[in-house]
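[1] Let's see this in three dimensions:
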Amino acid sequence: MSSFGVRLLAPTGKEQPVVLRVTIDGISFHHESGKAIQQIPYASIIKWVPSSLRSRDPGSADCLDIQVETTAGRRDLRMRCASEDAVGDVITCIRGTVQVRRR
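    Here you go, the predicted model:
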């Protein structure tokens with residue numbers, strides 16, 4: 001399991017500090033106290049991409065977007081990482097974990 005300190009960004013601009021955990025089963029968000037907020041299995045994740053590369057509604061270079069499929073349709077989650085390099089670290093971790101699952 002790998003953990004990253006990130007800030008979830010609401011469409012209103014409000015930021016919530018959380019811990020993003022990447023495990024073999026999926027990703028999850030936790031309060032800094034450790035209490036779970038949400039767990040997302042990899043089967044529900046459509047894509048993950050640096051926010052700055054989005055053609056519609058791009059974000060800053062230190063943000064990461066994860067699109068998930070929910071019962072209500074697709075939902076975008078945007079999080080601010082510590083830096084642009086940290087975005088790459090999270091993507092590398094998720095990609096590596098998904099590849100291990102496929103073997």
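[2] Tell me if R74 really is in a strand.
    Yes: in this structure, R74 lies within a strand as judged by DSSP: H, G, I helix; E, B strand; the rest coil.
[3] Isn't it up against V68?
    Yes: shown here, R74 and V68 form a contact pair, counting by C-beta atoms under 8 Å, at 7.2 Å. In this view, the C-beta of every residue, glycine as well, is placed from N, C-alpha and C.
[4] list the residues that contact both of the two?
    Residues touching both R74 and V68 (C-beta atoms under 8 Å, 6 or more residues apart in numbering): I46.
[5] Between those two, tell me which one has more neighbours.
    When R74 and V68 are compared for neighbours, V68 comes out ahead with 19 against 10, by other C-beta atoms under 10 Å.
[6] which residues sit in contact with the more buried one?
    40, 44-46, 74-75, 77.
[7] Give me the residue ranges of this protein where confidence is low.
    Applying pLDDT under 70 to the chain flags residues 101-103.
[8] and G73, what does it touch?
    G73 neighbours (C-beta under 8 Å, 6+ apart): none.
[9] And it, how far from A10?
    18 Å (C-beta to C-beta, to the nearest Å).
[10] Where does the spatially most central residue of the chain sit, in terms of helix or strand?
    What sits nearest the mean C-alpha location of the chain, by C-alpha atoms, centre = their mean, is I66, with 5.0 Å. Following DSSP states H and E, the helix or strand that holds I66 is strand 63-70.
[11] in that strand, what counts as buried?
    With burial defined by 16 or more other C-beta atoms under 10 Å, the residues of strand 63-70 counted as buried are 63-66, 68.
[12] quick one: which of those is nearest to I94?
    Ranked by distance to I94 (C-beta to C-beta), the buried residues of strand 63-70 are led by I66 at 8.4 Å.
[13] before we move on, back to that, of all pairs in the buried residues of strand 63-70, which one is the farthest apart?
    C63 and V68 (16.1 Å).
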